[in-house]
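generate a structure from the sequence data that follows.
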Amino acid sequence: QLVVVKMSDVAESEQKDRVLTYFKEHSIPQLLENLTASLVYNQPNAPREFLIEEIKKLMAARDSKEEVPGLIGRPELKAIFGVFDVPRTGSINLAQYKEAMKAAGVPKGLYSEKPEGYLMAEVGKISLKTFQEEGMRSLSRVNATYCPQV
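Residues are numbered from 1 along each chain as shown. Predicted coordinates:
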């Protein structure tokens, strides 16, 4: 069976690969997702101006090496932790930790699988303090979507 491949199909495929690589290298999907989430959360009267200000904040944080602002901070992480710490023991297990990170909007691979403070001696418990510290570190990576060209 003869398969005919047009040069235009090959060129289109190569262009698509270049675009996808560019998007991945510069965290474009995460940037757009974070900007959209911020827009939905804040619902400003002037959305374009709001987005411009959000981008300026990201650039300022990048330039000053500050923590990148996001929608979730320590109080929100504490609330998320509380959802998983139903008996109010002050700790959660590793499976709950992973689900809590997912609930906080941190994708797998951006948080430590076994965070500092993970206590094997206590049957793999993770404290609120450890969860918040790892959560803030991970969210900083999630929110740091403004990548300058090097």
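
helices of the chain, residue ranges please.
Counting by DSSP state H, the chain has these helices, from start to end: 7-25, 28-42, 47-64, 74-84, 94-103, 128-143.

in TSV: these, plus distance to residue 110.
Backbone N, C-alpha and C define where each C-beta goes, glycine included. Shown next, in TSV, are those (distance: least, CB to CB, whole Å):
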stretch	distance to residue 110
helix 7-25	14
helix 28-42	10
helix 47-64	17
helix 74-84	14
helix 94-103	8
helix 128-143	5
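
now for residue 56, how many residues are close by?
For residue 56, the neighbour count with other CB atoms under 10 Å is 10.

no, scratch that, I was asking about residue 140
16.

contact partners for the residue nearest to residue 99 when sequence neighbours are not counted?
Of all residues not flanking residue 99 in the chain, residue 84 sits nearest, at 6.6 Å (CB to CB, 6 or more residues apart in numbering). Taking CB atoms under 8 Å, 6 or more residues apart in numbering, we find residue 84 in contact with 92, 96-97, 99-100.

quick one: low-confidence ranges for this protein?
Low-confidence segments of the chain (pLDDT under 70): 1-7, 10, 65-71, 117-123, 142-150.

switch the cut-off to 90
Along the chain, segments meeting pLDDT under 90 span 1-42, 54-76, 93-95, 102-125, 135-150.

ok so, going back, for residue 116, find the nearest of the helices of the chain.
Closest approach to residue 116 among the helices of the chain is made by helix 128-143 (6.8 Å; CB to CB).

can you list the helices and strands that the closest one packs against?
The contact analysis (3 or more CB pairs under 8 Å, 6 or more residues apart in numbering; DSSP states H and E) places helix 128-143 against helix 28-42, helix 74-84, helix 94-103.

thank you, goodbye.
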